[in-house]
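Visitor: Here is a sequence together with a model predicted from it:
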Amino acid sequence: MDKRIVISRKLPETIISPYVNTYMITMWPDEDKVMERSSLLKDVSKADALLSMLTDKIDKEVIDHAKQLRIIANMAVGYDNIDVDYAREKGIVVTNTPDILTETTADLTFLLVLATARKFVQANRYIIDGQWKNWSPFLWAGTDVHQKTIGIVGMGRIGEAVARRAKGFNMDILYHNRNRKDKAESELGAHYVSFDRLVEKADFVVSMTPLNEHTKDMFNEAVFKKMKKSAIFINTSRGGVVKEKDLYEALQNGEIAGAGLDVFKNEPINEKHPLLQLENVTALPHIGSATMETRTAMAQLSLENIDLVLKGKKPKTPVN
Ligand SMILES: NC(=O)C1=CN([C@@H]2O[C@H](COP(=O)(O)OP(=O)(O)OC[C@H]3O[C@@H](n4cnc5c(N)ncnc54)[C@H](OP(=O)(O)O)[C@@H]3O)[C@@H](O)[C@H]2O)C=CC1
Ligand SMILES: O=CC(=O)O
């Protein structure tokens, strides 16, 4: 037992137990509090492996503190919280958790499409608050999802899984990527269009792109102005792809009809944030992949990657 794994959030014992006789494991004791920066810096200096969360900023400072770190296993598919290039420079492997969360995240994304279109959360709050006095013809009338046009920006693993759900609702599927996806076009009947055409034509604009220097703030004032006034914007990728002030103004001024948001620029978003005051926003606390099955699989894959690298083998899901 000479190798040390640092885990930056409390994980269930059942997930950790296969490794406790092989590795020294230092685990942050809190499930819902981010590991303090000072503890991260201190612990990483002695670690051979770090199992990080998307809430940990793994930047040059952290990497420079690491003296013998061989792997950063991020318990997420997105890795915009990690300076991957610097890790590579230092010979540290970075891994993520692709595929195993695809269907779960697509379910949540499509849930946001439906919930936002049908004002699900607002109608639920209305009945619980005792405001329902009568059935009436247009009470909480939303908009149809079936047979509408969905536009997916970032037609990758999750984007395609969202498109499969949209096909089941007889939707027209538009998508935009930097590269065309022939299989998605032939199997799902998805149409490749420019970003501008997608935002102009779609009834539901869904963001599924990773956050990077090219996608940062890609949904901004000019883009919201191009959307239909009836359009609904869904974001399950990263808050950083949206200029939230511009989104707020578009929603407030009726330039678009609604938004379903699982992710925000600063998480957790403050409950007083202007976006959360709008009736036409359905908001969730970054729970795209949050099912017991999927989160367990993500933690297990992260530990498998660590185990492989510490045994001198190739990890299953490297990003660098
Ligand atoms: N809310 C949540 O809980 C979750 C959020 N996520 C987020 O979803 C993201 C996507 O995950 P996943 O589908 O597995 O990733 P993939 O890498 O499979 O898909 C991302 C897609 O985005 C496209 N893309 C990249 N850059 C651009 C760009 N500049 N413009 C347009 N398209 C672009 C890529 O295609 P191309 O290279 O051809 O452009 C690719 O097809 C993650 O990075 C993460 O941020 C993931 C899981 C859960
Ligand atoms: O946001 C979640 C992820 O896996 O990325």
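Guide: Ah, there it is. Ligands and ions are numbered 1, 2, ... in the order given.
Visitor: what's around the closest residue to R164 other than its chain neighbours, how many residues?
Guide: Distance criterion C-beta to C-beta, 6 or more residues apart in numbering; nearest residue to R164, sequence neighbours excluded, is L188 at 6.4 Å. The C-beta positions use only the backbone N, C-alpha and C, and glycine is treated the same way. Using other C-beta atoms under 10 Å, L188 has 17 other residues around it.
Visitor: K313 too?
Guide: Counted with other C-beta under 10 Å, K313 comes out at 10.
Visitor: now it: how far from ligand 1?
Guide: 24 Å (C-beta to the nearest ligand atom, to the nearest Å).
Visitor: Which single residue of this protein ends up nearest ligand 1?
Guide: G156 (1.7 Å; C-beta to the nearest ligand atom).
Visitor: what's around S207, how many residues?
Guide: Per other C-beta under 10 Å, the neighbour tally for S207 reads 25.
Visitor: so it makes contact with V241?
Guide: Yes. In this structure, S207 is within contact of V241 by C-beta atoms under 8 Å, at 5.5 Å.
Visitor: shared neighbours, those two?
Guide: Common contacts of S207 and V241 (C-beta atoms under 8 Å, 6 or more residues apart in numbering): 219, 235.
Visitor: Confirm I173 sits in a strand?
Guide: Yes. Counting by DSSP: H, G, I helix; E, B strand; the rest coil, I173 is part of a strand.
Visitor: now it, nearest residue through space, not along the chain?
Guide: Nearest non-adjacent residue to I173, counting by C-beta to C-beta, 6+ apart: A190, 4.2 Å away.
Visitor: Distance-wise, check the residue nearest to G258 when sequence neighbours are not counted relative to ligand 2.
Guide: In this structure, G258 finds its nearest non-sequential neighbour in N280, 4.1 Å apart by C-beta to C-beta, 6+ apart. According to C-beta to the nearest ligand atom, N280 and ligand 2 sit 24 Å apart.
Visitor: residue boundaries of the strands in this protein?
Guide: 4-7, 24-27, 49-52, 71-74, 93-95, 149-153, 172-176, 191-192, 204-207, 232-235, 258-261, 281-283 (DSSP state E).
Visitor: Am I right that R238 is in contact with L261?
Guide: No. Using C-beta under 8 Å as the test, R238 is too far from L261 to be in contact (11.0 Å).
Visitor: Neighbours of N212, how many?
Guide: Neighbours of N212 (other C-beta under 10 Å): 13.
Visitor: For it, give me its contacts.
Guide: Per C-beta under 8 Å, 6+ apart, neighbours of N212: D80.
Visitor: for the residue nearest to R164, what are its contacts?
Guide: By C-beta under 8 Å, 6+ apart, the contact set of L188 is 160, 163-164, 167, 173.
Visitor: among those, which are in helices?
Guide: The members of the contacts of L188 that map onto helices under DSSP state H are 160, 163-164, 167.
Visitor: need those residues in a markdown table with neighbour count, distance to ligand 2 and pLDDT, can you?
Guide: Below are the ones in helices among the contacts of L188 laid out as a markdown table (neighbours: other C-beta atoms under 10 Å; distance: C-beta to the nearest ligand atom, whole Å; pLDDT from 0 to 100):
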| residue | neighbour count | distance to ligand 2 | pLDDT |
| --- | --- | --- | --- |
| E160 | 21 | 16 | 98 |
| A163 | 25 | 19 | 98 |
| R164 | 16 | 19 | 98 |
| K167 | 16 | 24 | 98 |
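Visitor: who in the stretch 101-250 of the chain is up against ligand 1?
Guide: Proximity of the stretch 101-250 of the chain to ligand 1, by C-beta under 6 Å from any ligand atom, involves residues 101, 105, 153-159, 176-179, 208-211, 214-215, 236-238.
Visitor: Give me the residues contacting stretch 136-148.
Guide: So stretch 136-148 is in contact with 113-114, 117-119, 122-123, 126, 169-172, 203-204, 230, 232, 257, going by C-beta under 8 Å, 6+ apart.
Visitor: Can you select the buried ones among those for me in ChimeraX?
Guide: The ChimeraX selection below is limited to those of these classed as buried (16 or more other C-beta atoms under 10 Å):
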select :113,114,117,118,119,122,123,171,172,203,204,232,257
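Visitor: Same list, the contacts of stretch 136-148, but only the ones touching ligand 2.
Guide: Among these, none lies close to ligand 2 by the criterion of C-beta under 6 Å from any ligand atom.
Visitor: Among the contacts of stretch 136-148, which are located in helices?
Guide: Those of these lying in helices (DSSP H): 113-114, 117, 122-123, 126.
Visitor: now, which of these sits nearest A222?
Guide: Closest to A222 out of the ones in helices among the contacts of stretch 136-148 is V113 (23.7 Å), distances taken as C-beta to C-beta.
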